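[1] 3D model of this:
(2 chains)
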Number of protein chains: 2
Amino acid sequence: MRLSQFHLSTSKETPADAEVVSHQLMLRAGMIRKLAAGLYTWTPLGLRVLRKVEAVVREEMDRAGAIEMLMPSIQPRELWEETGRWQKFGGQLLKIKDRKDGEFCYGPTHEEVVTDFARAELRSYKQLPLNVYQIQTKFRDEIRPRFGVMRAREFLMKDAYSFHLGAESLAETYQAMYAAYTRIFTRLGLHFRAVNADTGAIGGSASHEFHVLADSGEDAIAFSDNGDYAANVEMAEAVSPGPRPGPTEDLREVETPTQKTCEDVAALLDIPLVRTVKSVALVGEQGFVLALVRGNHSVNEIKLAKLAGLADYRLATEAEIAENLGSEPGFLGPVKPARPITVVADRSVAAMADFVVGANRKGYHLAGVNWGRDLPEPDVVADIRNVVQGDPSPDGQGRLGIARGIEVGHVFQLGQKYAEAMKATVLDADGKAQVMHMGCYGIGVSRIVAAAIEQNHDASGIIWPAPMAPWQVAVCIINPKNDPAVVEAAVALYEQLRSAGLEVVLDDRGLRPGVMFGDIELIGIPHRVVVSGRGLEAGTYEYRGRRDTDSENLDLAALRKRLDLA
Amino acid sequence: MRLSQFHLSTSKETPADAEVVSHQLMLRAGMIRKLAAGLYTWTPLGLRVLRKVEAVVREEMDRAGAIEMLMPSIQPRELWEETGRWQKFGGQLLKIKDRKDGEFCYGPTHEEVVTDFARAELRSYKQLPLNVYQIQTKFRDEIRPRFGVMRAREFLMKDAYSFHLGAESLAETYQAMYAAYTRIFTRLGLHFRAVNADTGAIGGSASHEFHVLADSGEDAIAFSDNGDYAANVEMAEAVSPGPRPGPTEDLREVETPTQKTCEDVAALLDIPLVRTVKSVALVGEQGFVLALVRGNHSVNEIKLAKLAGLADYRLATEAEIAENLGSEPGFLGPVKPARPITVVADRSVAAMADFVVGANRKGYHLAGVNWGRDLPEPDVVADIRNVVQGDPSPDGQGRLGIARGIEVGHVFQLGQKYAEAMKATVLDADGKAQVMHMGCYGIGVSRIVAAAIEQNHDASGIIWPAPMAPWQVAVCIINPKNDPAVVEAAVALYEQLRSAGLEVVLDDRGLRPGVMFGDIELIGIPHRVVVSGRGLEAGTYEYRGRRDTDSENLDLAALRKRLDLA
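    Just a heads-up that it's a prediction; the model follows:
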């Protein structure tokens, strides 16, 4: 492609309404243009990148045995009523009336449509397993669309759905999809983690999210520094610490007139934060509960809600706290409450000795507290905290690190939820109707483009992983209007590299070198080759990799080697 | 692809609600499945064909210098208000309200969006011409969706839009698009015609439609049997006949008591229909008009409306007819009207002598009528009729034939209509703002699939032109379960043909030969190769082309030759 024949439209200005760097750089590079809130046009430059991602996704889905099809974007209300999601899906579902007052939605996902397809097409277990996918435009009516294509309303998604006679076959395809996703993100050149995800809200028996790691990511991920373990911070298990040491201190009351937080108390007493215990007052089904975590930890609400009697817990009011503990917030603790209460201790708290808690008396804490001696053993010991950096990995392999990630893929074992609601059955070997098991597997194709930029950029602009770059190589001509020999040499090089199978763009726009180089860096081309009169005389090209700090003068053989050509 | 790993779902039954053969065969072959009125899922088989068409369209658009981009399907009302089309587009525009009561539509076309893009992106004439296209899902809320994907509501379209400083540049790109379309339909292996189209309703200065010829086509096309001329029947010019002969008969009144049509009068008088003249009573801006066409011709309303004073003509009422002609319908004519009237004669009528018209008297016609002698020369002589089979071609090359066609492509010179309404200007060489000229170029990608079937099918099913076939070759295994040597030979042949670059499907499903062959014929695979025990012994494969009536036993060399392999 010659840039003079292309439509490139870059800008030096950072758009005021773009909060994240990928949004800023996609606008500055001219990859996208906003049509309305959450609606973006992909310009020729942007679409080249989007298509790269799409192609890799398609190849790996095909390789994994999934079969491509294409379902309508507009879906009838009747199907969504069958699963109850017409109401339950919420405001993100864009509802539409056609000219005959028929009710439809713009599909945010296709479980209903594909299950309807499957119940009509599939009659026998012999047709199973079947794994179908599509790469198609979806719409979610986000209440606050933002971050450009990262959280747009209209977006491109790959969604796959598999159908099975039983859970075992589902688990096999799930593994195959997990492997395909791993290949996809690896091939795209992205740093990513597959993490265990909480399936609570969606239902089903297993689920992994694929996150592109980036400091700006919305989600926190815990991962082993020495193994495969990775999970959403909300899901990661805080493993049991070692056994509880014996008491070495006496119980004593300490004055903490204004110290209401563990941090303040630790500072006042000049002890490490890990010696303090935080008390959180709750009300569950059976009444008042005091949940205890270590001073440097935070309560994990999802874990807490999984405990018996706490499914719908809420924080206690000040009146309830005064009634049960005889104190006001800031000085609460499990020792000698005003009334009998339930104490739920995090595993790490249960393993502590000589710790500090509130004294249930305004202006005082207790130090040297020990289980069994100063208060009864906890009623419940459980994992109720978020993991922190440095915790042992639950798989026993090293310690946990915490990173931020952008979710770009998700695999679910849906089980029979949709098939049951929509009566999607096949006949088994005995001729009996069996509700199918289902899996679903999504990739946010357009979101990957933004996530890749969040992970790979510098002050000059985007740094594409080569497989996603709009072109791998830019051949830049210095002063094309005044030097026909340079133009000729550049075109010859351009043609030679193209013939060798590289995607090359020839910058023949005749811009000043600084402006031209700025554009090529901004749009993130991995390899830049400059053809100039001086270089021609010396028999060299000026080469610079996008991450290099300096350029080098290379002869043709060295240049070809640098571009991985034989 | 092995069919056992694919999802093929054929049916012998012709669906009751499918009116046209392409719809029937696409359902029977399992290419599409209906989700709701005008909404279809493309199954894996159907999508393979759709993608073939898409790929050819994309390659030829790229080759012609158009640049691909991707615009949102959902478009804001504000843009459509700028061109007035929010109201004018009519019921086909699917209007949508989002959760914040913002008004949008599901784009049936993208003139507004692309013009908005262009006015923001294009500043200088140096950026022109620019020709951008997308292959994207559109929605038209058809009042009566039918014929499967032929007239669906959601469909896949390629739409291109070009921007120019002046009309000359537009005409150049228009020609390039015309040539690209010709290559596209030629490469797809379709019989088609590019025809002059009436641009009246859309505006602009030139327009061609591309029609796939098929007996079931909705549009009638006139084309030269001996040249390039082709036009919509509504647009085709009826050329002037030779000079008018002199009178040979006397004027006489003939009794036609119940004969009100030219056909009946000709039969009664035992004269050819071409000797009669049909009178159509109209009211235009200047009052009563009698339009005359020959008995075997029909009035062309578009041509009529182009005449001065007839832009908004209507048919006359019986009262108006009685007042101006003194008669009732069925016996009307231009001779001696009750009041002075305007007579508009078709060219062929103006060239007639000794003709028959109504006598303006109930139960009577006049025969032997001659211009100048029995009535004044016509006030207006013009081409106001539809052409018929056998008319001379307007380009002087042979005679016109009439064929039926399915519109699959359309190229327009829009001129400045949209750019003017939306104030899309660039600075010219003198620094003056100039409204851009625009062209637009559409191809109905999904419709092509149906049109190809309308043109290419037989009693056994679809006959794909090779470039559109889901696979070029089917290798069928006879009795795979009982004969491992046959399976081995078939797989070897399958791999060999694939390595040679053919798209091959291996039918390893183990069906009975009749059922298997029926499927392969129904889904229209161009080449079928059968591997059987008997063939293996003889060292031959049984080959049959989809249009062949018999199969042949060929050795490997002959088979490869038949498949155009070296």
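
[2] where do the strands sit along the stretch 201-350 of chain A?
    For the stretch 201-350 of chain A, applying DSSP state E, counting those that start in this stretch gives strands covering A:206-213, A:219-224, A:230-232, A:252-255, A:277-284, A:287-294, A:314-315, A:342-346.

[3] May I see those strands organised as CSV, with mean pLDDT and distance to chain B added?
    (Each C-beta comes from the backbone N, C-alpha and C, glycine too.) CSV is the format used below for the strands of the stretch 201-350 of chain A (pLDDT from 0 to 100; distance: least, C-beta to the nearest C-beta, whole Å):
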stretch, mean pLDDT, distance to chain B
strand A:206-213, 93, 22
strand A:219-224, 88, 25
strand A:230-232, 85, 28
strand A:252-255, 96, 54
strand A:277-284, 96, 34
strand A:287-294, 96, 37
strand A:314-315, 96, 29
strand A:342-346, 97, 40
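
[4] want to throw these into CSV with mean neighbour count?
    Output for the strands of the stretch 201-350 of chain A, formatted as CSV (neighbours: other C-beta atoms under 10 Å in any protein chain shown):
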stretch, mean neighbour count
strand A:206-213, 24
strand A:219-224, 22
strand A:230-232, 24
strand A:252-255, 12
strand A:277-284, 21
strand A:287-294, 23
strand A:314-315, 10
strand A:342-346, 24
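
[5] Tell me which of these lies nearest to residue A:182.
    Closest approach to residue A:182 among the strands of the stretch 201-350 of chain A (C-beta to C-beta): strand A:206-213, 8.1 Å.

[6] That closest one vs strand A:219-224, what angle?
    Strand A:206-213 and strand A:219-224 are oriented at 100 degrees to each other (axes from the mean of the first three to the mean of the last three C-alpha atoms, to 10 degrees).

[7] helices or strands up against the helix or strand of chain A with the lowest mean pLDDT?
    Lowest by mean pLDDT, DSSP states H and E among the helices and strands of chain A is strand A:230-232, with a mean of 85. Applying 3 or more C-beta pairs under 8 Å, 6 or more residues apart in numbering or on different chains; DSSP states H and E, we find strand A:230-232 packed against strand A:192-196, strand A:219-224.

[8] mind putting the ones you listed in CSV, distance to residue A:470 included?
    Shown next, in CSV, are those (distance: least, C-beta to C-beta, whole Å):
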stretch, distance to residue A:470
strand A:192-196, 21
strand A:219-224, 28
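
[9] For residue B:55, which of those strands is the nearest?
    strand A:192-196 (30.5 Å).

[10] just to revisit the earlier point, nearest to residue B:149, out of the helices and strands packed on strand A:230-232?
    Closest approach to residue B:149 among those (C-beta to C-beta): strand A:192-196, 38.4 Å.

[11] packing partners for that closest one?
    Strand A:192-196 sits against helix A:167-187, strand A:206-213, strand A:219-224, strand A:230-232, strand A:400-415, with contacts defined as 3+ C-beta pairs under 8 Å, 6+ apart.

[12] Can you check what angle separates that strand from helix A:167-187?
    Using the same axes, to 10 degrees: strand A:192-196 against helix A:167-187 is 160 degrees.

[13] Let me know the angle separating strand A:192-196 from strand A:400-415.
    Going by the same axes, to 10 degrees, strand A:192-196 makes 60 degrees with strand A:400-415.

[14] Just the residues contacting strand A:192-196, thanks.
    A:178, A:181-182, A:185-186, A:207-213, A:221-223, A:230-232, A:235-236, A:403, A:405, A:408 (C-beta atoms under 8 Å, 6 or more residues apart in numbering or on different chains).

[15] Return the distance of that strand from the chain's centre.
    Computed by C-alpha atoms, centre = their mean, to the nearest Å, the chain-centroid distance of strand A:192-196 equals 8 Å.

[16] same thing with stretch A:389-397?
    With C-alpha atoms, centre = their mean as the basis, stretch A:389-397 stands 21 Å off its chain's centre.

[17] Likewise for stretch A:489-509?
    Computed by C-alpha atoms, centre = their mean, the chain-centroid distance of stretch A:489-509 equals 37 Å.

[18] That stretch vs chain B: in contact?
    No: Stretch A:489-509 lies out of reach of chain B by C-beta under 8 Å from any C-beta of the partner chain, never closer than 10.1 Å.

[19] Can you give me the buried ones in that stretch?
    A:489-491, A:493-494, A:497-498, A:502-509 (16 or more other C-beta atoms under 10 Å in any protein chain shown).

[20] contacting residues for residue A:141?
    With the criterion set at C-beta under 8 Å, 6+ apart, residue A:141 makes contact with A:91, A:92, A:93, A:94, A:153, B:98, B:99.

[21] What subset of those residues is buried?
    Neighbour counting with 16+ other C-beta under 10 Å marks A:93, A:94, A:153, B:98 as buried within the contacts of residue A:141.

[22] Quick one: residues contacting the second one.
    Residues in contact with residue A:94 (C-beta under 8 Å, 6+ apart) are A:105, A:106, A:108, A:139, A:140, A:141, A:153, B:96, B:98, B:99.

[23] Give me the phi and psi for it.
    Per-residue torsions, residue A:94: phi -80, psi 110 (degrees, to the nearest 10).

[24] Pick out whichever of the contacts of residue A:94 sits closest to residue B:372.
    Proximity of the contacts of residue A:94 to residue B:372 (C-beta to C-beta) peaks at residue B:96, which lies at 64.0 Å.

[25] ok, and the closest non-adjacent residue to that closest one?
    Leaving aside its chain neighbours, residue B:96 sits nearest to residue B:104 (4.6 Å; criterion: C-beta to C-beta, 6 or more residues apart in numbering or on different chains).

[26] Beta-bridge partners for the one you found, please?
    Beta-bridge partners recorded for residue B:104 (DSSP bridges): residue B:76, residue B:96.

[27] Surely it and residue B:93 touch.
    No: applying C-beta atoms under 8 Å, one finds residue B:104 not in contact with residue B:93, separated by 10.5 Å.

[28] For chain B, what's the nearest residue on the stretch 451-566 of chain A?
    Nearest to chain B in the stretch 451-566 of chain A, going by C-beta to the nearest C-beta, is residue A:509, at a distance of 10.1 Å.

[29] per-residue pLDDT, that residue?
    Looking at residue A:509, its pLDDT stands at 95.

[30] what's the answer for residue A:63, then?
    Predicted confidence (pLDDT) for residue A:63: 97.

[31] Specify the beta-bridge partners of the most centrally placed residue in chain A.
    With distances taken as C-alpha atoms, centre = their mean, residue A:407 lies nearest the centre of chain A, 1.9 Å away. Judged by DSSP bridges, the bridge partners of residue A:407 are residue A:211.

[32] Verify the stated contact: it with residue A:208.
    No: Residue A:407 is not in contact with residue A:208 according to C-beta under 8 Å; the separation is 10.6 Å.

[33] Setting the sequence-adjacent residues aside, check what's closest to residue A:63.
    Nearest residue to residue A:63, sequence neighbours excluded (C-beta to C-beta, 6+ apart): residue A:180, at 7.1 Å.

[34] same thing with residue A:285?
    residue A:309 (4.4 Å).

[35] didn't that neighbour look like it was pressed against residue A:282?
    No: using C-beta under 8 Å, residue A:309 is not in contact with residue A:282; the gap is 10.1 Å.

[36] Off-centre distance for stretch A:68-75?
    25 Å.

[37] elements contacting the helix or strand hosting residue A:491?
    Assessed by DSSP states H and E, residue A:491 sits inside helix A:484-499. Here helix A:484-499 touches strand A:473-477, strand A:504-507, strand A:527-531, helix A:533-538, going by 3+ C-beta pairs under 8 Å, 6+ apart.

[38] Reformat the ones you listed as TSV; add distance to residue B:535.
    Output for the helices and strands packed on helix A:484-499, formatted as TSV (distance: least, C-beta to C-beta, whole Å):
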stretch	distance to residue B:535
strand A:473-477	51
strand A:504-507	49
strand A:527-531	54
helix A:533-538	64
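
[39] Relative to residue A:373, which of the ones you listed is closest?
    Comparing these by their distance to residue A:373 (C-beta to C-beta), the top pick is strand A:527-531, with 69.8 Å.
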